[in-house]
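Engineer: got a sequence here, can you build the structure:
(chains A and B)
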Number of protein chains: 2
Amino acid sequence: MRIEHLHPVPHLTTALTGPLLQIERHMLDQQAEIESWLRRQWQLTSAPFYASVDLRNAGFKLAPVDTNLFPAGFNNLNPAFQPLCIQAVQSAIERVCPQANQILLIPESHTRNVYYLESLALLHDLIKKAGFSVRIGSLQEDLTSPQTVDLPSGHRVVLEALIRHEDQIGLEGFVPCMILLNNDLASGRPAILEGLSQPVIPPLALGWSNRLKSGHFLHYEEVANEFAELIDIDPWLISPLFLKCGEIDFMKREGEECLVSNAARLLESIQRKYDEYQIEQRPFVVVKADAGTYGMGVMSIHDAEEIRTLNRKQRTRMAASKGGIDNTKVILQEGVYTFETWGDSLAVTEPVVYMIDHFVVGGFYRVHTKRGPNENLNSPGMHFEPLAFAEPCTAPELNLSPDAHPNRFYAYGVIARLALLASAREQADLSAD
Amino acid sequence: MRIEHLHPVPHLTTALTGPLLQIERHMLDQQAEIESWLRRQWQLTSAPFYASVDLRNAGFKLAPVDTNLFPAGFNNLNPAFQPLCIQAVQSAIERVCPQANQILLIPESHTRNVYYLESLALLHDLIKKAGFSVRIGSLQEDLTSPQTVDLPSGHRVVLEALIRHEDQIGLEGFVPCMILLNNDLASGRPAILEGLSQPVIPPLALGWSNRLKSGHFLHYEEVANEFAELIDIDPWLISPLFLKCGEIDFMKREGEECLVSNAARLLESIQRKYDEYQIEQRPFVVVKADAGTYGMGVMSIHDAEEIRTLNRKQRTRMAASKGGIDNTKVILQEGVYTFETWGDSLAVTEPVVYMIDHFVVGGFYRVHTKRGPNENLNSPGMHFEPLAFAEPCTAPELNLSPDAHPNRFYAYGVIARLALLASAREQADLSAD
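Structural biologist: Numbers count the residues shown, from 1 in each chain, chains lettered A, B, ... in the order given. Below you'll find the predicted structure:
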């Protein structure tokens, strides 16, 4: 189904918007303090180069559920905000690498994914418009000569083979002064990128081979607590509860007990918060790979016992992860309902916010007509329609209602930046290792 | 006449676009080098806080004719690019004054000018959206209680009385950590702003009481030479020739001889360049106040003898300047034809480019239906229609023709930034004094 872009902003359908309106009201009233606090945070801890954050808006709660430090999907952003991206890329690169002119972009290797290549083409274009000479170096080992791919959008990408010479990496006739990674390293740290004299940004340590979602959410919890204190709200309203377990083998059913008991504990904790706010929905928990991306191995459960009764197919899906690395660690995260719907068919939507440097540059909604409000909208094989944000996230209108579109987008931009700050602290920790 | 915004980009009507296409071609081909060169320049010399630059596009030549370091007209920019302005304000302030939260904006005192107040309201709004607490302190001495002005756009400005306490300035209950000047100090440096411990940005030294247009254009000439060498073009294609004279008294006709002889010399120099490029237009010279703004005391002449035959009314107009300071120094500047026209009536247009920090954030065209291509479009009492740039200046499309709209706007953005760089060097000189 091709969604007509007639109503550019999804509708928030929930009876219980009280706490959210309260969060948004607090954010609007204290906008200058919030921005000032964030400015101080970026001075203490540099923002990662870029990020996209998946949010879920339950009306009573607005929280990030995943933070991607090697974002794709740039092609889903509103073309009207391209200048914002260009300007942010200029800020990011002049700070990170002031003398940079030649930039090498290293993408994911799944070159048959047209959506990904469209995003890559757009990212390439943004960096070029920002005033850099940029070329794409592929980690595919079978690439011997440049591979040109013409895309449905009319864009074209050229993938070239990497050449390493001592501690420098480049392409034929191209020695970059900075390597920009757009590969999440889910399959591990490529040897060819180790020990380079050129800066690799984001650093290899931020790839999924080092990073854990639970590490991110530990930092996020801390950030959310500090922020909640600043604007005087309950941190639960912006932060998903979570628990983790040690090694899990879904196929051999090893570690299952921990999973079941932690899921039960988590469901109880959520129920207590739901009771406190008189929320009548049924709590649910999302089980996902602690190291991973792409929504593989993701499962929503409303009852801890569901874990025991997984069938073989479900176990296989949970055990698999991107890049062929087995999913041995999982995170149990409080499920956040998404109560934003779009169009007459009330399709479920989920906002994704994009940042470059510490600037919010736009976002889009994942719109899905065949999923429920308690399901993950970014699963393998999942079809979603991107709906670009119609307005920027940086222009709150203080004289409009707290949930007026510019204000809702502003709130998204604030929460997404809290997740970005959590990643900045992760980055600082990992770089210090 | 209300101009309908049907054709958002003026038409460039000139037979002789050869050299301009050549400039634009050079700029596109060397975009990465240009941006890289500019990045180095901003590291050597910080950009002023903001600026607007008046450009003239003669088809064969594209050059700045005036640079305003206390820009108004923010209300003429395309609302679609507001997010760019907000992001640039964030960059500018976090660099200039990292701890700033409370900002005091000091505007011009001509509070009956609704156009100016609309611009002020917009500037206030931009800074607020950028996440600062901002209030407006007026230099009007008769202001005792806050004055609220409701504007046709629905915006409202509140002007408050300045309070100085020792070396700090503020408002009732408001001690700002930074003073943002939007007053060009044409009437001199106000004592109340001298010797403050808070940063005043831009510095008082950049006001028209210190600054001379000829000083700016000396720097511009140098910048244009460096840039022309970088992209291998004749610097004349982007730089207006100019000469100045010592003290002039238009009423007493003192200093007239220098004016006449320099005008003659300048017209000859222009003619030589016109001959070189086979340009058939008649050269003209613009005589304007060396210290001043607002297009007061501006006159176009095609023959040096015109200076001797000025009538009393013309002399009075040339002698007057903004803020009541007599116009005693003038600059003779090569007139640059504007060959961009708009609409069926072929109204003359002139682009104005806006920058915040070193970022181009948009611009607009002054569209005038009753002026010729050799006249100043920013004179007192002049009515022009603003036509917001339909596209950003930062997104050149290398596969389109050099004069395609995104590329023409890119060229405007580059030339405007050269003028900004000249001002950055002026600022460095004046601050060093």
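Engineer: contacts and neighbour counts: CA atoms only from here.
Structural biologist: Noted.
Engineer: now do the contacts for the residue in the stretch 201-350 of chain A positioned nearest to chain B.
Structural biologist: Nearest residue of the stretch 201-350 of chain A to chain B (Cα to the nearest Cα) works out as A:I231 at 14.7 Å. Contacts for A:I231 (Cα atoms under 8 Å, 6 or more residues apart in numbering or on different chains) come out as A:26-27, A:30, A:34.
Engineer: take the residues you listed and write them to JSON lines, including pLDDT and distance to B:I136.
Structural biologist: Conversion of the contacts of A:I231 to JSON lines gives the following (pLDDT from 0 to 100; distance: Cα to Cα, whole Å):
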{"residue": "A:H26", "pLDDT": "87", "distance to B:I136": "25"}
{"residue": "A:M27", "pLDDT": "89", "distance to B:I136": "23"}
{"residue": "A:Q30", "pLDDT": "91", "distance to B:I136": "19"}
{"residue": "A:I34", "pLDDT": "94", "distance to B:I136": "21"}
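Engineer: so which of those also contact chain B?
Structural biologist: Among these, the residues that sit close to chain B (Cα under 8 Å from any Cα of the partner chain) are A:I34.
Engineer: neighbour count and secondary structure for the contacts of A:I231 - can I get that in TSV?
Structural biologist: Formatted as TSV, the contacts of A:I231 follow (neighbours: other Cα atoms under 10 Å in any protein chain shown; DSSP: H, G, I helix; E, B strand; the rest coil):
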residue	neighbour count	secondary structure
A:H26	18	helix
A:M27	21	helix
A:Q30	16	coil
A:I34	20	helix
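Engineer: give the contact list for the residue of the stretch 301-433 of chain A found nearest chain B.
Structural biologist: Among the residues of the stretch 301-433 of chain A, A:A395 lies closest to chain B, at 5.6 Å counting by Cα to the nearest Cα. Neighbouring residues of A:A395 by Cα under 8 Å, 6+ apart: A:406-407, A:410, B:83, B:86, B:129-130.
Engineer: same deal with A:H26?
Structural biologist: A:H26 makes contacts with A:231-232, as judged by Cα under 8 Å, 6+ apart.
Engineer: next one: it from A:Y410, what distance?
Structural biologist: A:H26 sits 12 Å away from A:Y410 when distances are taken as Cα to Cα, to the nearest Å.
Engineer: now A:V134
Structural biologist: In terms of Cα to Cα, A:V134 sits 32 Å off from A:Y410.
Engineer: more neighbours: these two, which one.
Structural biologist: Remark: of A:V134 and A:Y410, A:Y410 carries more neighbours, 26 against 23, as counted by other Cα atoms under 10 Å in any protein chain shown.
Engineer: the stretch 1-150 of chain A against chain B: which residues are in contact?
Structural biologist: A:31-36, A:39-40, A:80, A:83-84, A:86-87, A:94, A:98-101, A:128-133.
Engineer: how about the strands in the stretch 301-433 of chain A?
Structural biologist: Assigned by DSSP state E, counting those that start in this stretch, the strands in the stretch 301-433 of chain A fall at A:329-334, A:340-342, A:347-356, A:359-368, A:385-388.
Engineer: check which helices and strands the shortest one sits against.
Structural biologist: For strand A:340-342, the contact count by 3 or more Cα pairs under 8 Å, 6 or more residues apart in numbering or on different chains; DSSP states H and E identifies strand A:11-12, strand A:347-356 as packing neighbours.
Engineer: in the longest one, which residues are buried?
Structural biologist: Same thing as strand A:347-356. Across strand A:347-356, burial judged by 16 or more other Cα atoms under 10 Å in any protein chain shown covers A:347-356.
Engineer: got the angle for it vs strand A:359-368?
Structural biologist: Interaxial angle, strand A:347-356 versus strand A:359-368 (axes from the mean of the first three to the mean of the last three Cα atoms, to 10 degrees): 160 degrees.
Engineer: follow-up on the earlier one: give me phi/psi at the residue of the stretch 201-350 of chain A closest to chain B?
Structural biologist: A:I231 has phi and psi values of phi -100, psi 10 when expressed as degrees, to the nearest 10.
Engineer: so A:A228 sits in a strand?
Structural biologist: No - under the criterion used here (DSSP: H, G, I helix; E, B strand; the rest coil), A:A228 is helix, not part of a strand.
Engineer: what's the nearest residue to it if we skip its chain neighbours?
Structural biologist: The spatial neighbour of A:A228 that comes closest, neighbours along the chain excluded (Cα to Cα, 6 or more residues apart in numbering or on different chains), is A:P235 at 5.1 Å.
Engineer: what about that neighbour, neighbour count?
Structural biologist: Using other Cα under 10 Å: A:P235 sits among 19 other residues.
Engineer: so it versus A:Y365, what's the distance?
Structural biologist: Using Cα to Cα, A:P235 is found at 24 Å from A:Y365.
Engineer: which element is A:E94 on?
Structural biologist: Element membership of A:E94 [criterion: DSSP states H and E] is helix A:82-96.
Engineer: revised request: answer the last question for A:K288.
Structural biologist: With DSSP H and E as the test, A:K288 turns up in strand A:285-289.
Engineer: and the angle for that strand with strand A:329-334?
Structural biologist: Taking the same axes, to 10 degrees, one finds that strand A:285-289 is oriented at 160 degrees with respect to strand A:329-334.
Engineer: same for strand A:285-289, what does it pack against?
Structural biologist: Under the contact definition 3+ Cα pairs under 8 Å, 6+ apart, strand A:285-289 sits against helix A:256-276, strand A:298-301, strand A:329-334.
Engineer: out of the ones you listed, which is the most enclosed?
Structural biologist: Comparing the helices and strands packed on strand A:285-289 by mean neighbour count (mean count of other Cα atoms under 10 Å in any protein chain shown), strand A:329-334 ranks first with a mean of 24.
Engineer: who's in contact with that one?
Structural biologist: With Cα under 8 Å, 6+ apart, strand A:329-334 has contacts from A:213-214, A:240-248, A:262-263, A:266-267, A:270, A:283-291.
Engineer: what is the burial count for A:H110?
Structural biologist: Count around A:H110 with other Cα under 10 Å applied: 10.
Engineer: which of the helices or strands spans it?
Structural biologist: Here A:H110 is assigned to no helix or strand, by DSSP H and E.
Engineer: A:E108 against A:N183, yeah?
Structural biologist: Yes - using Cα atoms under 8 Å, A:E108 is in contact with A:N183, at 4.6 Å.
Engineer: report pLDDT for the residue of the stretch 151-300 of chain A found nearest chain B.
Structural biologist: The nearest approach of the stretch 151-300 of chain A to chain B comes at A:H155, 11.1 Å away (Cα to the nearest Cα). Model confidence at A:H155, given as pLDDT, is 93.
Engineer: so who does the closest residue to it other than its chain neighbours touch?
Structural biologist: Computed as Cα to Cα, 6+ apart, the closest residue to A:H155 that is not its neighbour in sequence is A:A121, at 6.4 Å. Neighbouring residues of A:A121 by Cα under 8 Å, 6+ apart: A:155-157.
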